[in-house]
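[1] got a predicted structure here, sequence first:
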Amino acid sequence: MSNEKYTATITLPRGTLDLTYQINTATKRIEDESYQLEDLLGFAQRINPKRAFLFVSKVLGRHIPVAPSTMRGAFTDLADLVPNDLPEPILVIGMAETAVGLSAGVHQALQTRYPNALLLNSTRHAQHNDSDIDALLTTFSEDHSHASQHLIYQSKDTITQAQLLASKTLIMVDDEASTGNTCVNVVTALRNAGLTQLEQVHLTTLVDWSLAQNQGEADADDAVSDQVAKRLPNIDFYRHHLLSGAWTWTDAPNPEPITMPSVDTTEAGSHALGNTGNWGRFPTLNSKDGFDNYLANFQTTFELFNKQTPFDKAQLPKKILVLGSNEFVWLPFLLAEWLENQAIAQSQDSGTISIVNFSALTRSPIAIGGAITTMLSFSDNYGLGMTNFAYNVDPNEWDLIVLCVETSADSVDDMWQGLDNVLVVSP
């Protein structure tokens, strides 16, 4: 971690965000350069009375379309910061909805060193099967979020469940930490739910803004870790991140009142979730479970869409955007990564340039401006009756949009169904 401090001021309609931050020189990107603020983040305004600003990741593939290779690089670089020789069993846990793909990517990278690490994501989608009610491990609150309540499920497999409860190291993965409160809430909930053997907690984020948050400046990790560690008795607490610092928010004079859409629910919805394998809603060792079938499903669907059989990767168009939906992003990301690899190979053979990007639908309400240039709004595909959004996506800019959902194809809003360059991949 560099000791040199940088500052930035971001002016948004509802106020001003002042940042003090440090570059993590332990991470290396292109040409041996560390991640800079502009590599990682843009900024926008939330439609949320709890917090007026949003850190918009440029490497996450959520609100800004990004190349899968860029995402994979960030996943791996973040995982590489986690030390060797951690006490096992290890649990990697990701925060819905934004970080469930990030957590799977970090988990996959960590398994080169910790092959038996478990992955478990929080979720805001209750599972339909009545027997799954008994599978609920715990709940916790993300206080500043647009949808604060999270569910965490346990395993029906007795061996996996025993390993989960015996976890000694927790690696909590999130896109950003702004106060540290969510981390404390998660650890407290898990310990109360039976994970009583936890020895270490590693808060692992792309960007950590909770350093020295109560002290007004970003000092060394040791001085500020205590702010969270004091609230986690008998736990050794560590942080890993690509960039860190602290923020101060100042409200604009007489900011306009806002009304946030109703998105805070953990109901199941009227459209059942199809079988897409286990990518972390329940504890898993193998986050790629189901991908082979998913890839075959895409290829079959593309054959019908393209009116040409058998599947021929040479028929793939030059500009492809893959969209995950809400929490269902990991298998779609792996599909986007596969498509990007095909595009790279074709570009090398033909000399033409092909582009594959990844992004996702979300329930998060964000105002136009700053890092958010466009917004599409539509009904969710879960049958919850809530509005969903796609940001920085202009359908006219893409030859093909692959919309990946974990519900049936007919659950997708008519807006998407009416576009002739949209291919819906469903279970």
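    Sure, I can see it.
[2] switch to C-alpha atoms for all contacts and neighbour counts from now on
    OK.
[3] quick one: the helix ranked longest in the chain to chain centroid distance?
    In the chain, with assignment by DSSP state H, the single longest helix is helix 330-350. Taking the mean of its C-alpha atoms, helix 330-350 sits 21 Å from the chain's own mean (CA atoms, centre = their mean, to the nearest Å).
[4] select the longest strand from the protein.
    Longest strand in the chain, counting residues (DSSP state E): strand 236-251.
[5] enumerate the positions of that one that are buried.
    237-247, 249 (16 or more other CA atoms under 10 Å).
[6] residue ranges of the strands in the stretch 251-400 of the chain, please?
    Read by DSSP state E, counting those that start in this stretch, the stretch 251-400 of the chain holds these strands, from start to end of the chain: 319-325, 355-361, 375-379, 387-391, 400-404.
[7] strand partners (parallel or antiparallel) of the last one?
    What that stands for is strand 400-404. Sheet pairing here is set by DSSP bridges, and for strand 400-404 it gives strand 319-325 (parallel), strand 422-425 (parallel).
[8] what do you get for the third one?
    Sheet partners assigned to strand 375-379 using DSSP bridges are listed as strand 387-391 (antiparallel).
[9] next, the angle strand 355-361 makes with the strand it pairs with.
    If you take axes from the mean of the first three to the mean of the last three CA atoms, to 10 degrees, strand 387-391 sits at 150 degrees to strand 355-361.
[10] by mean pLDDT, which helix or strand of this protein comes out lowest?
    Ranked by mean pLDDT, DSSP states H and E, the helix or strand of the chain with the weakest confidence is helix 221-229, at a mean of 56.
[11] related to what we said a few turns ago, make JSON lines out of the strands of the stretch 251-400 of the chain and add mean neighbour count and mean pLDDT.
    Listed next are the strands of the stretch 251-400 of the chain as JSON lines, based on neighbours: other CA atoms under 10 Å; pLDDT from 0 to 100:
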{"stretch": "strand 319-325", "mean neighbour count": "25", "mean pLDDT": "98"}
{"stretch": "strand 355-361", "mean neighbour count": "26", "mean pLDDT": "97"}
{"stretch": "strand 375-379", "mean neighbour count": "16", "mean pLDDT": "96"}
{"stretch": "strand 387-391", "mean neighbour count": "22", "mean pLDDT": "96"}
{"stretch": "strand 400-404", "mean neighbour count": "23", "mean pLDDT": "98"}
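[12] can you redo the ones you listed as CSV with distance to residue 99?
    As requested, the strands of the stretch 251-400 of the chain are exported to CSV (distance: least, CA to CA, whole Å):
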stretch, distance to residue 99
strand 319-325, 13
strand 355-361, 12
strand 375-379, 21
strand 387-391, 17
strand 400-404, 17
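[13] can you tell me which of those is nearest to residue 258?
    Between residue 258 and the strands of the stretch 251-400 of the chain, the shortest gap by CA to CA is with strand 387-391, which sits at 16.3 Å.
[14] what about that closest one, distance to the chain center?
    15 Å.
[15] what about stretch 407-421, distance to the chain center?
    23 Å.
[16] contact partners of that stretch?
    Stretch 407-421 is contacted by residues 271-274, 378-383, 395, 398-401, 422, 424-427 when judged by CA atoms under 8 Å, 6 or more residues apart in numbering.
[17] quick check: end-to-end length of that stretch?
    The straight-line separation of the ends of stretch 407-421 (CA to CA, to the nearest Å) is 20 Å.
[18] next, the buried residues of that stretch.
    407-409, 411-412, 416, 421.
[19] low-confidence regions, the stretch 101-250 of the chain specifically.
    By pLDDT under 70, the low-scoring segments of the stretch 101-250 of the chain are 128-134, 142-148, 212-226.
[20] just the strands in it please.
    Under DSSP E, counting those that start in this stretch, the stretch 101-250 of the chain gives strands at 118-121, 136-141, 149-153, 169-177, 200-208, 236-251.
[21] buried ones in stretch 301-314?
    Buried residues in stretch 301-314 (16+ other CA under 10 Å): 301-303, 311.
[22] can you put the residues you listed in a markdown table and add pLDDT and distance to residue 327?
    Putting those into a markdown table (pLDDT from 0 to 100; distance: CA to CA, whole Å) gives the following:
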| residue | pLDDT | distance to residue 327 |
| --- | --- | --- |
| 301 | 97 | 22 |
| 302 | 97 | 23 |
| 303 | 95 | 27 |
| 311 | 92 | 28 |
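[23] export these as TSV, with columns for distance to residue 331.
    Compiled in TSV, those are given as follows (distance: CA to CA, whole Å):
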residue	distance to residue 331
301	16
302	16
303	20
311	20
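[24] mind checking which of those residues are in helices?
    Among the buried residues of stretch 301-314, the members falling in helices (DSSP H) are 301-303.
[25] pipe the residues you listed into CSV and attach distance to residue 107 per row.
    Conversion of these to CSV gives the following (distance: CA to CA, whole Å):
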residue, distance to residue 107
301, 29
302, 30
303, 33
